[in-house]
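Visitor: Need a 3D model of the following:
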Amino acid sequence: MKHFFKFTCAAAVLTAGIITLSSFTKKEKTATTLDAYSIQLISNTPDESRGADMYTWTWAISNPNPGNGEDGTLQDVSHISIPLSTDAEAALVSAEYSYDGITWFNNPLSVDRDPTIKTCTAADVLKFDVGTTGDEPLYIRITFSDDFESSAWAKCYIKTGGGRNGCNTYYFTGVANRKLD
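Guide: Predicted structure coming up:
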């Protein structure tokens, strides 16, 4: 019986020690979900206000979980870069952004390499050098002189502010490589 008592006491001391030491171990942080930014296609319709045979695509980009990039939060979007097919690039008429979906600002039409996302792609992209703040959406729109199919697998690259997450490949509903007949 004395041996059983010593064994029980030793087990209790060992268990208490393990529990105490485990409280000092480094806790794993919850990984940020890189594809958690929301890119919603609002419209892709003919735009007669811009002239005959003009087609405007509009998206809303938002950060549903703003923060510093730790514990599952997402940093603000610094900018978004969208590769375009050769046909879409040739049909590019305008690119604009808005913080409220009402007042629009011109975005440069330069389709070129974005050195800030060189770890994501070497493709030429249309860069919107604007981003999100907190959970407020950013609106972007692109007008083309041709009508294109939509693709649920269009690709873009999101660069975050603060440099924590670098650039991230993101798939969204966007402009496909093929024109509509």
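Visitor: What are the boundaries of the helices in this protein?
Guide: Here the chain has its helices, by DSSP state H, at 2-22, 86-90.
Visitor: worst average pLDDT in those?
Guide: Ranked by mean pLDDT, these bottom out at helix 2-22, with a mean of 49.
Visitor: how about low-confidence regions in this protein?
Guide: Applying pLDDT under 70 to the chain picks out residues 1-35, 51, 162-166, 181.
Visitor: try 80
Guide: The chain contains residues with pLDDT under 80 at 1-36, 48-52, 161-167, 178-181.
Visitor: Now do the strands in it.
Guide: 38-46, 55-62, 77-82, 92-98, 105-106, 111-112, 125-128, 138-144, 148-160, 167-179 (DSSP state E).
Visitor: Can you say which of these is nearest to K118?
Guide: Nearest to K118, of all the strands of the chain, is strand 167-179, at 8.5 Å by Cβ to Cβ. C-betas here are computed from N, CA, C, even on glycine.
Visitor: Give the pairing partners of the closest one; include direction for each.
Guide: Using DSSP bridges, the strands paired with strand 167-179 are strand 148-160 (antiparallel).
Visitor: Switch the strands of the chain over to JSON lines; also include mean neighbour count and distance to G69.
Guide: Below are these laid out as JSON lines (neighbours: other Cβ atoms under 10 Å; distance: least, Cβ to Cβ, whole Å):
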{"stretch": "strand 38-46", "mean neighbour count": "15", "distance to G69": "17"}
{"stretch": "strand 55-62", "mean neighbour count": "20", "distance to G69": "16"}
{"stretch": "strand 77-82", "mean neighbour count": "23", "distance to G69": "12"}
{"stretch": "strand 92-98", "mean neighbour count": "17", "distance to G69": "23"}
{"stretch": "strand 105-106", "mean neighbour count": "9", "distance to G69": "27"}
{"stretch": "strand 111-112", "mean neighbour count": "14", "distance to G69": "28"}
{"stretch": "strand 125-128", "mean neighbour count": "22", "distance to G69": "21"}
{"stretch": "strand 138-144", "mean neighbour count": "22", "distance to G69": "18"}
{"stretch": "strand 148-160", "mean neighbour count": "18", "distance to G69": "7"}
{"stretch": "strand 167-179", "mean neighbour count": "17", "distance to G69": "11"}
